[in-house]
Structure formats: C-alpha cells, structure tokens
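*Asks:* generate coordinates for the sequence data below:
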Amino acid sequence: MRFLEAEDPIALAALEYVLERDAADVRKLLEWLPAARSVRDRKAILERACALMRELEHAIERIAEVE
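*Replies:* Now for the predicted structure:
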C-alpha cells in the first residue's frame with residue numbers, strides 16, 4: 001500500500017501496463033516453445049522471450065524509480 005502518490009502516475013501506469021503485457025507475452029512464448037518444429041523456430045521464440053524479459057527488468061527498475 002502506498003502512502004504517497006507516485007512522482008509520475010502516468011509513467012507508473014504505463015510501466016505497469018508494459019509489465020503485465022510483457023509477462024503475458026513471455027508466458028505465451030514459453031507455452032509455444034515445446035511445440036516449435038525446428039531448432040531455428042525454438043531459438044527465435046527463446047530470443048524473443050529473452051528480449052521481453054530484458055524489457056521486464058527495465059520496467060521493474062523504472063517502476064522503483066518512479067514510485
């Protein structure tokens with residue numbers, strides 16, 4: 001529970017949206033991973049999931065700064 005408002009409530013809302021969206025996308029990509037038919041497809045899925053996780057890490061760090 002917050003006692004004080006965030007310094008930038010609009011940025012915080014956007015970052016929380018990115019956090020939820022990217023987490024859902026990573027979850028979906030990991031569900032698809034075992035069904036991928038080729039090594040190339042598996043690598044592409046994994047690379048995209050890793051890129052999204054880097055975005056998640058950045059969003060989490062930014063949320064901590066904004067709160």
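
*Asks:* how far out from the middle of the chain is the longest helix along the chain?
*Replies:* Across the chain, the longest stretch assigned as helix under DSSP state H is helix 39-66. Distance, stretch centre to chain centre, for helix 39-66: 6 Å (CA atoms, centre = their mean, to the nearest Å).

*Asks:* go on, stretch 25-45?
*Replies:* 16 Å.

*Asks:* next: stretch 20-32.
*Replies:* Distance, centroid of stretch 20-32 to centroid of chain: 8 Å (CA atoms, centre = their mean).

*Asks:* and that stretch, average pLDDT?
*Replies:* Averaged across stretch 20-32, pLDDT comes to 97.

*Asks:* next, the buried residues of it.
*Replies:* Buried residues in stretch 20-32, counted by 16 or more other CB atoms under 10 Å: 22, 26, 29. Every C-beta, even on glycine, is put in place using the N, C-alpha and C of the backbone.

*Asks:* secondary structure class for the last one?
*Replies:* Think Leu29. helix (DSSP: H, G, I helix; E, B strand; the rest coil).

*Asks:* I'd assumed Ala49 was in contact with it.
*Replies:* Yes - look at Leu29 against Ala49 with CB atoms under 8 Å: they come within range, at 4.4 Å.

*Asks:* circling back: which among the buried residues of stretch 20-32 gets closest to Ile45?
*Replies:* The nearest member of the buried residues of stretch 20-32 to Ile45, counting by CB to CB, is Leu29 at 5.2 Å.

*Asks:* re earlier: any chance of JSON lines for the buried residues of stretch 20-32, columns distance to Ala13?
*Replies:* JSON lines is the format used below for the buried residues of stretch 20-32 (distance: CB to CB, whole Å):
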{"residue": "Asp22", "distance to Ala13": "15"}
{"residue": "Val26", "distance to Ala13": "21"}
{"residue": "Leu29", "distance to Ala13": "25"}
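
*Asks:* kind regards, and thank you for your time.
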